[in-house]
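*Asks:* can't give you the sequence, but here's the structure:
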């Protein structure tokens, strides 16, 4: 599991940015493709918006990996 800490003063990170920041995808284009294909889950549900805001406590799943968003 990857733990992604939000930066000081940030309330959220966007889904595409989280996938890139943890190295689960190589680029924003790759993030867009896997998200639009319905391959990414946020809190257990398929998410197709790469701009989805992820707040403290959110969990993302992709390709057998998990990301936990923490403040």
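*Replies:* Looks like it came in fine. Because the structure is predicted, anything quoted here is derived from the model rather than measured. Numbers count the residues shown, from 1 in each chain.
*Asks:* secondary structure element for residue 51?
*Replies:* In the assignment (DSSP states H and E), residue 51 maps to no helix and no strand.
*Asks:* In the protein, where's the longest strand?
*Replies:* For the chain, the longest strand by residue count, based on DSSP state E, is strand 65-70.
*Asks:* any idea how far residue 33 is from residue 45?
*Replies:* 19 Å (CB to CB, to the nearest Å). Every C-beta, even on glycine, is put in place using the N, C-alpha and C of the backbone.
*Asks:* Tell me which strands the longest strand of the chain pairs with, and in which orientation.
*Replies:* Strand 65-70 has the following sheet partners, assigned by DSSP bridges: strand 2-5 (parallel), strand 59-62 (antiparallel).
*Asks:* Pull out the buried residues from whatever helix or strand comes next after the first one.
*Replies:* Going down the chain from strand 2-5, the next helix or strand is strand 12-14, by DSSP H and E. Under the neighbour-count criterion of 16 or more other CB atoms under 10 Å, strand 12-14 has residue 13 buried.
*Asks:* just checking, what packs against whichever helix or strand comes after strand 12-14?
*Replies:* Moving toward the C-terminus from strand 12-14, the next helix or strand (DSSP H and E) is helix 15-21. The contact analysis (3 or more CB pairs under 8 Å, 6 or more residues apart in numbering; DSSP states H and E) places helix 15-21 against helix 28-36, strand 40-42, strand 53-55, strand 59-62, strand 65-70.
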